[in-house]
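J.: coords below, sequence missing:
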C-alpha cells in the first residue's frame, strides 16, 4: 500500500528461538488451513475458474470483509507504512486518508461492477471492458497493465517476509551461501504455492481470519504497551520531532513531524491518486467478485474503514521506533520488526512476526490468483485458444498462478530489492490508467474504445518517463513517485498527473472519432445488468462458467 525506497539489509545475527518457534507454529497452522480450504464450501463441479479463482462467488459479508482486508492491508503495508514515518515523518501518513477516501468512491461503482459481472459471468475487469466496448485490444491493454502492476506487488510480500526472517536471525546472515540464506523464504514460497494451487481463492479467504485477528491483536497491544515503556506519547512525539529535524543525506532535515506547506500538494495528490488506484488492482476486484450479492459489497464499503483506524495506529509505530532508537542497520524497512523484537517478550514478538508473515501469504495468494485469472481469460482464451473449456481454463489458471509466484520469487532472490520497490511505484502509476475504461464504462458508453486505448497509452508513457526522471539521494532513476505538475509548478503525484492527461486525451479523441463516425464496437451489456442482484433473471449466486462466457469477446 505504500513504498519507501530502501533496500533490505542485514538484520540481527542471533536466532531468536522462542520467537521463531511461535512463528513456525502459526505458519504450520495456516498451512493446514490452506489445504483444508479445498473442501470448504466446495461445489460438485469445482474444475472451473468461478470455483477456483472466485471461490464460487459465494462469500458473505464477513468472509468478504476479511478477504478484502487481507488483500488490501498486506505484510508490506505492515512493514512499509511505519517505515515511511520512521524515515520521513508525516508524509508517510498519506496512506491513512487515502484508505478513507477510497470507500465512498468504491460505493459508487463496485456494486455496478458486481452486478454486470454476475449477469455475464465476467471473472476480470478485462472481461467487462471487452464486453462493454467490444474491443479485445482495449481488454488486452487492461489485462497486461494489471499483470505488470501485480507482479512487483507479489514480490514485495516476499520482501516483507524477508524482513521478519532477517530480524529473527534466520538464514545465516548476509555472508551465508545463497541456499542457506534463502532457504526459509523458499520453504514459505513452496507452501504458499502448494495450497494456492490446491484450494484457489478459498485458501486465502479462510486464512484471512487468522491473519487479521493476529494483526488486530498485535496493534492493540503495541499501541498501549510500547508507549507505556517509552514514557507516553508526549515523549514519543518530542523525540520523533528531534530525530526528524536532523539533516539527511541531502543536508536538509530528514522529515517533518507535521507536513509543512511545501509538502501539501504532494501529500494530497498522492493520497487522492492512491485512492483512485487501489480498486483498479486485479486482486481487489477478484476479492470483490467473490462475494455472493451486491449488498455484500455495499455493506463492506461501510465497514472496511475500520481497517483505516488500524492503519493509523500502525503508522504511529514509526514514531515509536524513533523514540526507542531502533537500530535498523541502515534499512528503514526493518524498523517495525526490530522494534517488536526489542520491546516485546520473545513469545509475543513471535506472534507479531507471525502476523506480518501471514499478512504476506494472504495477499500474495490472492494476487497470484488474480494474475492467473487475467492471463487465462484475457490472453489464453481471448487470443490463444478461444474454444477453451472451463476445465482447460481451470488447469491453465492453476499453472499460471505457480509461474507468477516463481517469477516473483526469482525477482526477490536475484535483484536488489530497490528494483522491486521501483516497479511497485510504477505499478500504482500504471494501474490508475485503467480507470477511465473500467469506471467510465460502468456509467457511460460515451467514450470511444480507440480513444480509451490512446488515453491509456499516453498516460502509461508519460507516467513511466516522469517516474524515470525522478532522482533520490540513493538512485538516479525511479527515485520516487512525485514530480513537478506541468502548468502548475507544484510537486504532485505522477500517477494523478498521468491520469488527468489520460482523461483529456480520451475526451478529445472521443469527440473527434464520433465526428468521423468511427466504428464503436458492440456493447453486449444492457442498462438493467448494472443494478441486477441475485434472484433477478439471469443472475445466480454460482453462475456456471459454461454459460457465463462473454459471447462478444470470443
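T.: Nice, I can see it. Because the structure is a prediction, the values reported are computed rather than measured.

J.: beyond the host helix or strand of residue 153, next helix or strand please.
T.: Element membership of residue 153 [criterion: DSSP states H and E] is helix 136-168. Downstream of helix 136-168, the first helix or strand assigned by DSSP H and E is helix 178-199.

J.: who are the packing partners of that following helix?
T.: helix 17-36, helix 136-168, helix 202-230, helix 346-375, helix 390-414 (3 or more Cβ pairs under 8 Å, 6 or more residues apart in numbering; DSSP states H and E). For the C-beta atoms, the positions are set from N, CA and C on the backbone; glycine is no exception.

J.: contacts for it, please.
T.: The contact list for helix 178-199, computed with Cβ atoms under 8 Å, 6 or more residues apart in numbering, reads 27, 31, 34-35, 37-38, 40, 158, 161-162, 165, 170-174, 203-204, 357, 361, 364-365, 368-369, 398, 401-402, 405-406, 409, 412-413.

J.: now list the buried members of those residues.
T.: Neighbour-count burial (16 or more other Cβ atoms under 10 Å) applied to the contacts of helix 178-199 gives 27, 31, 34, 37-38, 158, 161-162, 165, 170-172, 203-204, 357, 361, 364-365, 368-369, 398, 401, 405, 409, 412-413.

J.: any idea of the pLDDT on residue 103?
T.: Looking at residue 103, its pLDDT is 90.

J.: just the element for the closest residue to it other than its chain neighbours, please.
T.: Spatial nearest neighbour of residue 103, chain neighbours left out: residue 301 (4.8 Å); criterion: Cβ to Cβ, 6 or more residues apart in numbering. In this assignment (DSSP H and E), residue 301 forms part of helix 294-303.

J.: buried set for that helix?
T.: 294, 296, 297, 299, 300, 301.

J.: just the closest of the residues you listed to residue 21, please.
T.: residue 300 (36.1 Å; Cβ to Cβ).

J.: low-confidence ranges in the stretch 351-500 of the chain?
T.: Applying pLDDT under 70 to the stretch 351-500 of the chain flags the ranges 416-420.

J.: now with 90, please.
T.: 356-365, 388, 390, 404-427, 469-484, 486-491 (pLDDT under 90).

J.: sorry, back to before: quick one, the helix holding residue 153 and helix 390-414 angle?
T.: 50 degrees (axes from the mean of the first three to the mean of the last three Cα atoms, to 10 degrees).

J.: check which residues of helix 136-168 are buried.
T.: In helix 136-168, counting by 16+ other Cβ under 10 Å, buried: 136, 138-168.

J.: same question for stretch 301-316.
T.: Buried residues in stretch 301-316 (16+ other Cβ under 10 Å): 301, 304, 307, 308, 310, 311, 312, 313, 314, 315, 316.

J.: burial measure for the nearest residue to residue 299 once chain neighbours are set aside, as a count.
T.: Once flanking residues are discounted, residue 299 sits nearest to residue 61: 5.0 Å by Cβ to Cβ, 6+ apart. Neighbours of residue 61 under the rule other Cβ atoms under 10 Å: 17.

J.: for residue 61, give its distance to residue 68.
T.: 11 Å (Cβ to Cβ, to the nearest Å).

J.: per-residue confidence at residue 188?
T.: 80.

J.: and it, how far from residue 198?
T.: Counting by Cβ to Cβ, the gap from residue 188 to residue 198 is 16 Å.

J.: quick one, which of those two is more surrounded?
T.: Counted by other Cβ under 10 Å, residue 188 and residue 198 do not tie: residue 188 has more neighbours, with 21 against 16.

J.: my read is that residue 307 contacts residue 71, right?
T.: No: the pair residue 307 / residue 71 is not scored as a contact, 10.6 Å apart, by Cβ atoms under 8 Å.

J.: for the residue nearest to residue 299, what are its contacts?
T.: If you count contacts by Cβ under 8 Å, 6+ apart, residue 61 has them with 291, 296, 299, 300, 303.

J.: give the contact list for the last one.
T.: Think residue 303. So residue 303 contacts 61, 65 (Cβ under 8 Å, 6+ apart).

J.: can you name the residues that contact the one residue sitting closest to the centre of the chain?
T.: Centroid-nearest residue in the chain, with Cα atoms, centre = their mean: residue 72, separated by 5.3 Å. Residue 72 makes contact with 1, 99, 278, 284, 307, 363, according to Cβ under 8 Å, 6+ apart.
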